[in-house]
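K.L.:
sequence and computational prediction follow.
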Amino acid sequence: MSEAILKGITLSEGIAIGKAMFFNDVEENYPKRNLGKNEIEGEISRFKKAVASSRNDIKKLQKNFTKQGILEIVEILNSHLEMLYDPWLMQQVEEKIKKLKINSEAVFKTVLEEFKKKCSDDSFFSERYKDVLDVSKRILKHLTSRQKLNANIKNGIVLTHEIIPSDIAEADEQSILAFVTQKGGRSSHSAIIARAKNIPFIANVDIDKLDIAKLKKVIVDGINGKIIFNPSKSTIKKYEQLKKELKVDVSGNEKINTALQTQDKVNIKIYGNIGSIQDVKVLFKNNAHGVGLFRSEYLFLAKKKLPSEEEQFKIYKELAQTLKNYPLIIRIFDFGADKNYIFSCEDKYSYLSDESNPALGCRGARFLLKHQEILDTQIRALLRASAFGNVHFLVPFVSDVSEFLRIKQRMLQIKEDLIAQKIKVAPDIILGCMIEVPSAAIMADAFAEVADFLSIGTNDLNQYLLAADCANANVSHFFNGLHPSLLRVLEFIVKAAEKKQKRVILCGEIAADKRFTKLLLGLGIKEFSVTARYIPLISHVIKNLSFIDAMDFFTKVKKISDNQQLQNYVINDS
Ligand code: PEP
Ligand code: MG
């Protein structure tokens with residue numbers, strides 16, 4: 001068979017060259033066995049053991065990913081763990097084993113099918129069903145001997161109908177280089193995990209068309225969304241070159257801050273979004289220009305306890321010293337809404353769990369101003385750390401200028417107090433403001449007047465602008481691209497900041513989506529902050545673009561008002 005190409009949709013970027021490996025995980029026949037009266041208790045305890053082993057698997061995985069600082073996977077696994085502690089499941093299976101007198105695999109399948117039927121008419125539940133399925137497969141793996149993904153593979157490209165998040169979470173990167181599936185979406189947990197682990201993943205590929213016997217080498221081009229089967233020598237050479245260019249430098253050399261320019265020599269900055277000190281190592285390897293967003297609230301994730309001033313100071317100081325003179329932008333705690341782990345810290349914060357609409361409730365700056373004890377402790381730790389590097393601060397989720405000014409005022413006051421106590425702080429406070437609420441975007445000129453820089457959080461801005469919850473599968477189509485309204489708002493913010501000669505950084509997920517880099521550049525974004533592993537890819541794209549061409553492109557695109565038309569136009573061009 002000569003070289004052949006199939007198109008797909010990229011769910012996780014990257015290039016992989018390896019051997020085709022089919023993974024048949026869809027149809028599984030679990031044997032049904034009738035139980036004698038005296039086998040029932042044993043069967044229930046066999047099922048309980050499988051659930052306990054599944055919990056242990058997840059806890060082990062969480063430990064590993066926490067160590068690596070990949071917190072998005074820890075969160076996804078948390079939801080799986082919660083299901084495994086759900087008494088409903090245990091109760092259903094136990095009751096049915098007793099009533100039907102059949103083995104747990106068969107009972108478990110019936111319970112699942114009932115749940116599936118309930119979900120089939122509801123897209124929110126059908127998304128949740130994928131996680132239920134994932135947990136079930138984990139339990140069934142312990143009850144039976146399900147095909148294991150990593151077994152005896154080297155340099156494998158997995159081709160399958162659909163892949164569950166756990167299989168990607170557990171995939172050994174030495175054995176499995178990429179995933180190609182028939183089904184899957186960019187916002188699925190499988191895709192999020194693949195991106196977090198930096199494993200290329202392409203979906204929407206008609207797997208049934210492929211003849212396994214004729215496949216040898218496969219190239220997964222997760223930059224352009226295509227799979228190349230049995231590539232020619234020259235194609236392999238071309239992709240090996242591209243792979244090298246995109247490869248993370250693992251030499252460990254600290255060569256942060258290599259200049260980045262477009263083809264027409266416009267300087268661009270690319271920073272990293274981090275959630276822990278471990279992430280900084282990857283930044284060094286990837287030529288970042290510093291930290292554009294440290295989500296300090298992630299310090300709580302593992303501990304679920306308020307860290308003291310001293311604990312915080314130690315972390316911020318270590319970060320500042322590691323970054324040397326390169327900018328370290330620390331965002332003040334952004335609690336509330338989906339970042340709700342503060343609830344369990346102390347009773348006085350538990351009122352947040354009663355909010356009927358937490359996304360529109362007491363979050364970000366609103367929460368900080370209500371709880372000055374948290375704000376003051378963090379500001380003291382931050383200002384003390386500022387003496388050890390090039391630390392900037394960022395106020396989250398602001399909807400009114402007065403909120404920003406009150407926090408700024410508090411910083412100035414605490415700075416004076418520290419100086420009076422002869423505690424060292426940096427001479428200048430550099431305080432930026434997140435623009436992630438439509439009211440702040442509309443008032444961007446007023447924020448640019450009082451803040452030292454603006455940082456656009458498109459994740460939140462998009463959901464509030466379009467009135468579409470980013471966790472609601474019914475409206476997920478609003479999160480696959482860059483809506484015309486968001487495009488206009490971004491241009492408006494950039495222009496407002498330019499007028500006041502203030503810097504603008506873009507730190508939402510869209511900054512890491514290479515399909516939109518040209519458009520973002522064209523509307524005037526010159527500073528990007530992305531998850532560290534996307535730095536080589538976005539830098540590669542920027543180096544090959546001309547700023548003038550990008551501006552022309554933006555001028556054309558902004559005339560399009562239909563969302564789908566805009567996405568097609570931009571994606572066909574990329
Ligand atoms: C954003 O909203 O785009 C952002 C960067 O903040 P977070 O994702 O932490 O809410
Ligand atoms: Mg946000």
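P.N.:
Arrived safely. From a predicted model like this one, the values you see are computed outputs, not experimental measurements. Residues are numbered from 1 along each chain as shown. Ligands and ions are numbered 1, 2, ... in the order given.
K.L.:
any buried residues in the helix or strand bottoming out on mean pLDDT in the chain, and which?
P.N.:
Here the helix or strand of the chain ranked lowest by mean pLDDT, DSSP states H and E is helix 123-143, holding a mean of 73. By 16 or more other C-beta atoms under 10 Å, the buried positions in helix 123-143 come out as 127-143. Heads up, the C-betas are built off the backbone N, CA and C, glycines and all.
K.L.:
now swap in stretch 470-489 and tell me
P.N.:
Quick answer for stretch 470-489 (16+ other C-beta under 10 Å): 470, 473, 476, 478-484, 486-487, 489.
K.L.:
now the closest residue to ligand 1 within the chain, nearest residue through space, not along the chain?
P.N.:
Residue of the chain nearest ligand 1, by C-beta to the nearest ligand atom: G457 (2.7 Å). Closest residue to G457 apart from its sequence neighbours, by C-beta to C-beta, 6 or more residues apart in numbering: E436 at 3.4 Å.
K.L.:
thought that neighbour was touching Q463?
P.N.:
No. Proximity of E436 to Q463 does not meet the contact threshold set by C-beta atoms under 8 Å, at 9.2 Å.
K.L.:
neighbour-wise, which of these two wins?
P.N.:
E436 (26 against 20; other C-beta atoms under 10 Å).
K.L.:
what's near enough to touch that one?
P.N.:
Each residue near E436 by C-beta atoms under 8 Å, 6 or more residues apart in numbering is listed here: 396-397, 456-461, 464, 508.
K.L.:
would you write a ChimeraX line that selects the buried entries of the residues you listed?
P.N.:
Applying 16+ other C-beta under 10 Å to these, the buried members can be selected in ChimeraX as follows:
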select :396,397,456,457,458,460,461,464,508
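K.L.:
return the subset of the contacts of E436 lying in helices.
P.N.:
458-461, 464 (DSSP state H).
K.L.:
can you redo the residues you listed as CSV with pLDDT and distance to I157?
P.N.:
Converted to CSV, the ones in helices among the contacts of E436 look like this (pLDDT from 0 to 100; distance: C-beta to C-beta, whole Å):
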residue, pLDDT, distance to I157
T458, 95, 32
N459, 91, 31
D460, 93, 36
L461, 96, 37
Y464, 96, 40
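K.L.:
which one among those residues gets closest to ligand 2?
P.N.:
Using C-beta to the ion, D460 comes nearest to ligand 2 of the ones in helices among the contacts of E436, at 3.7 Å.
K.L.:
give me the distance between the closest residue to that closest one other than its chain neighbours and L283.
P.N.:
Nearest in space to D460, with sequence neighbours left out and distances taken as C-beta to C-beta, 6+ apart, is E436 at 3.8 Å. Distance, E436 to L283, by C-beta to C-beta, to the nearest Å: 23 Å.
K.L.:
which stretches of this protein have low pLDDT?
P.N.:
1, 24-30, 68-69, 118-128, 145-152, 187, 247-257, 301-304, 471, 473 (pLDDT under 70).
K.L.:
give me every residue in it lying close to ligand 1.
P.N.:
Contacts of the chain with ligand 1, taken as C-beta under 6 Å from any ligand atom, map to 295, 334, 436, 457-460, 507-508.
K.L.:
identify each buried residue in the helix or strand hosting A381, please.
P.N.:
For A381, the host element (DSSP states H and E) is helix 372-385. For helix 372-385, the neighbour count (16+ other C-beta under 10 Å) marks 374-385 as buried.
K.L.:
same question for stretch 318-333.
P.N.:
Applying 16+ other C-beta under 10 Å to stretch 318-333 flags 319-320, 322-323, 326-333 as buried.
K.L.:
end to end on it, go ahead and measure it.
P.N.:
18 Å (C-alpha to C-alpha, to the nearest Å).
K.L.:
give me the residues contacting that stretch.
P.N.:
256-257, 271, 277, 280, 289-297, 316, 367-368, 374-375, 378-379, 382, 385-386, 388-396, 407, 432, 434, 455, 505, 529.
K.L.:
the helix or strand that the least confident helix or strand of the chain is followed by pairs with which strands, and in what direction?
P.N.:
Next helix or strand after helix 123-143 toward the C-terminus (DSSP H and E): strand 156-160. Its sheet considered, strand 156-160 pairs with strand 15-22 (parallel), strand 176-181 (parallel) by DSSP bridges.
K.L.:
which one of these has the most crowded surroundings?
P.N.:
The highest average neighbour count among the strands paired with strand 156-160, using mean count of other C-beta atoms under 10 Å, belongs to strand 176-181 at a mean of 26.
K.L.:
could I get that one in CSV with only the CA atoms?
P.N.:
The C-alpha trace of strand 176-181 is given here as CSV (Å, rounded to 0.1, in the frame of the first residue of the first chain):
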residue,chain,number,x,y,z
ILE,A,176,2.1,5.0,23.0
LEU,A,177,3.0,8.0,20.9
ALA,A,178,-0.5,9.1,19.7
PHE,A,179,-4.2,8.3,19.5
VAL,A,180,-6.4,8.3,16.5
THR,A,181,-10.1,7.7,17.0
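K.L.:
and it, how far out from the chain middle?
P.N.:
In terms of C-alpha atoms, centre = their mean, to the nearest Å, the gap separating the centre of strand 176-181 from the centre of its chain is 19 Å.
K.L.:
hmm, who's touching that strand?
P.N.:
8, 12, 14, 16-18, 149-150, 153, 155-163, 168, 171, 190, 194, 199-203, 205, 207, 218, 220, 222, 227.
K.L.:
could I have the PyMOL command that selects the buried members from these?
P.N.:
Selection of buried members from the contacts of strand 176-181 for PyMOL, criterion 16+ other C-beta under 10 Å:
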select buried, resi 8+12+14+16+17+18+149+153+156+157+158+159+160+161+162+163+168+171+190+194+199+200+201+202+203+205+207+218+220+222+227
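K.L.:
show me what contacts the residue nearest to K101 when sequence neighbours are not counted?
P.N.:
In space, and not counting its chain neighbours, K101 is closest to L35: 4.8 Å by C-beta to C-beta, 6+ apart. Taking C-beta under 8 Å, 6+ apart, we find L35 in contact with 43, 97, 101-103.
K.L.:
switch to 10 Å and redo it
P.N.:
Applying C-beta atoms under 10 Å, 6 or more residues apart in numbering to L35 gives the contacts 42-43, 97-98, 100-104, 106-107.
K.L.:
the longest helix that the chain contains packs against which elements?
P.N.:
For the chain, the longest helix by residue count, based on DSSP H, is helix 40-68. On a contact count with 3 or more C-beta pairs under 10 Å, 6 or more residues apart in numbering; DSSP states H and E, helix 40-68 meets helix 71-84, helix 87-100, helix 104-119, helix 123-143, helix 165-170, helix 189-197, helix 278-285.
K.L.:
and the angle from that helix to helix 104-119?
P.N.:
Using axes from the mean of the first three to the mean of the last three C-alpha atoms, to 10 degrees, the direction of helix 40-68 lies 70 degrees away from that of helix 104-119.
K.L.:
what residues sit buried inside helix 40-68?
P.N.:
Buried-residue list, helix 40-68, by 16+ other C-beta under 10 Å: 43-44, 46-47, 50-51, 54-55, 57-58, 61-62, 65-66, 68.
K.L.:
how is this protein carved up into domains?
P.N.:
4-26+148-246, 37-143, 269-573 (automatic domain parsing).
K.L.:
now render these as CSV, adding distance to Q263.
P.N.:
Shown next, in CSV, are those (distance: least, C-beta to C-beta, whole Å):
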stretch, distance to Q263
domain 4-26+148-246, 15
domain 37-143, 34
domain 269-573, 4
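K.L.:
ligand 2 contacts on this protein?
P.N.:
Where the chain comes near ligand 2, counting by C-beta under 5 Å from the ion, the residues are 436, 457, 460.
K.L.:
appreciated, that's everything.
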